[in-house]
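Chemist: This is the structure alone, sequence omitted:
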């Protein structure tokens, strides 16, 4: 009888050991799969954020587990204010050593502060900011974008901390010059890599398998790109013949003005300047055109204007680059000019910045070029420079 019990215990021990041996690689695999590179699309885990306190700007994803009030104290109820939250890789985590303390800038407190939003506890969120100590504890400060997982809406701040400091208080040419210096020398990508970038920047929030086409507004499969009549291709909103920069790295691959567009509609737009009026396009309803200009649909008129404002500031003729300028004309041809300035300023006011533009600006800044479109962050600067 005793021998049978011993044998039973031995078999149980062997079985448990085998299970642990089998499960360990699976657990390690899950842990490795959760690791990201700190970009918006491949965020760090909380453990990665804790171990990378080097003042770098990264995106971290984790579960809200409470509000830090001291280095070793995180409360999970009766939150005193909206100033901070703690993230962990597990929603049931209780060890502060496995938590990242997140400072919540004033811009985000109404949406992510726990006093105002106690239901966020246990929810997964993504945050972009600087990995540095907070409450004398591994933390993330100066957040520039927050998103609740599954919601799909990025809530970016007006800008990363200090990004536009050199432009503040300036107007006219002085402001234009300051902004050029800030957004110049961005990280360039190849024209072939633009395809993949647009699949991310212009993703349909309602269908992650699709992109939204600029002029038609149609949601279309991400991999239906090409030169076929109903494919989507890479539209240069600042027509590449206006300055003859083609598809060269720099203006020819700058994501801030490249958008997915129906191939045949792109062909119709060609290198036309922008202005009101013309005949409605048969496929891109709400878009009008004639022999010298193109009028996009109402919901992207401001987007078009802000893309052109960006190009006129980013490319000023230094470092061997083309000097692009806006003017109040159409029929600009191959000259490095784009119009019509008075109409673009009007569209900019009629169609304000929306969440899709903010999301796009954040992705380009965080994941690709590491520069921003100032006229999305500060719409008032268009008038300060050109009016």
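Modeler: Alright, I've got the coordinates. What you see is a predicted model, and the numbers here were worked out from it, not measured in a lab. Numbering: from 1, shown residues only.

Chemist: Show me the strands in the stretch 1-150 of the chain, by range?
Modeler: Here the stretch 1-150 of the chain has its strands, by DSSP state E, counting those that start in this stretch, at 57-70, 73-75, 84-88, 99-103, 124-131, 139-148.

Chemist: So for the last one, what gets flagged as buried?
Modeler: Okay, so that is strand 139-148. By neighbour count with 16 or more other C-beta atoms under 10 Å, strand 139-148 contains the buried residues 139, 140, 141, 143, 144, 145, 146, 147, 148. Placement of C-beta: from N, CA and C, glycine included.

Chemist: Show the secondary-structure elements that that strand is packed against.
Modeler: On a contact count with 3 or more C-beta pairs under 8 Å, 6 or more residues apart in numbering; DSSP states H and E, strand 139-148 meets strand 57-70, strand 99-103, strand 124-131, strand 155-156.

Chemist: Quickly, which of those bottoms out on average pLDDT?
Modeler: Ranked by mean pLDDT, those end with strand 155-156 at the bottom, a mean of 56.

Chemist: Skip ahead from that one and say which helix or strand is next.
Modeler: Sequence-wise, the next helix or strand downstream of strand 155-156 (DSSP states H and E) is helix 172-183.

Chemist: pretty sure residue 373 is touching residue 310, no?
Modeler: Yes: Residue 373 is within contact range of residue 310, at 4.5 Å (criterion: C-beta atoms under 8 Å).

Chemist: you'd agree residue 247 is in a strand?
Modeler: No: applying DSSP: H, G, I helix; E, B strand; the rest coil, one finds residue 247 to be coil, outside a strand.

Chemist: hang on, it packs against residue 241?
Modeler: No: Residue 247 lies out of contact with residue 241 (C-beta under 8 Å); the separation is 11.5 Å.

Chemist: got any ranges where the stretch 1-150 of the chain has weak pLDDT?
Modeler: 1-34, 150 (pLDDT under 70).

Chemist: mind redoing it with 80?
Modeler: Filtered on pLDDT under 80, the stretch 1-150 of the chain yields the residue ranges 1-35, 106-107, 149-150.

Chemist: neighbours around residue 311, how many?
Modeler: For residue 311, the count of nearby residues is 24 (other C-beta atoms under 10 Å).

Chemist: In what element of secondary structure is it found?
Modeler: Per DSSP H and E, residue 311 falls inside helix 301-314.

Chemist: what pLDDT, on average, does that helix get?
Modeler: The predicted model assigns helix 301-314 a mean pLDDT of 98.

Chemist: Tell me which other helices or strands it touches.
Modeler: If you count contacts as 3+ C-beta pairs under 8 Å, 6+ apart, helix 301-314 packs onto helix 172-183, strand 273-274, strand 325-326, strand 337-338, helix 341-350, helix 374-377, helix 380-386.

Chemist: Return the set of buried residues in the very next helix or strand once past the longest one.
Modeler: If I follow you right, that is helix 172-183. Per DSSP H and E, helix 172-183 leads on to helix 191-201 as the next helix or strand towards the C-terminus. Using 16+ other C-beta under 10 Å as the test for burial, helix 191-201 gives 194, 195, 197, 198, 199, 200, 201.

Chemist: One more: stretch 374-387?
Modeler: So for stretch 374-387, counting by 16+ other C-beta under 10 Å, buried means 374, 375, 376, 377, 378, 379, 381, 382, 385, 386.

Chemist: Contact partners for the last one?
Modeler: Translated: residue 386. By C-beta atoms under 8 Å, 6 or more residues apart in numbering, residue 386 lies in contact with 326, 341, 345.

Chemist: Equivalent analysis for the first one, please.
Modeler: The neighbours of residue 374, taking C-beta under 8 Å, 6+ apart as the test, are 164, 167, 179, 182, 183, 310, 313, 381.

Chemist: first to last residue in stretch 230-242, what's the distance?
Modeler: 26 Å (C-alpha to C-alpha, to the nearest Å).

Chemist: average pLDDT for it?
Modeler: Throughout stretch 230-242, pLDDT has a mean value of 97.

Chemist: Mind telling me what element residue 210 is part of?
Modeler: In this assignment (DSSP H and E), residue 210 forms part of strand 207-212.

Chemist: Kind regards, and thank you for your time.
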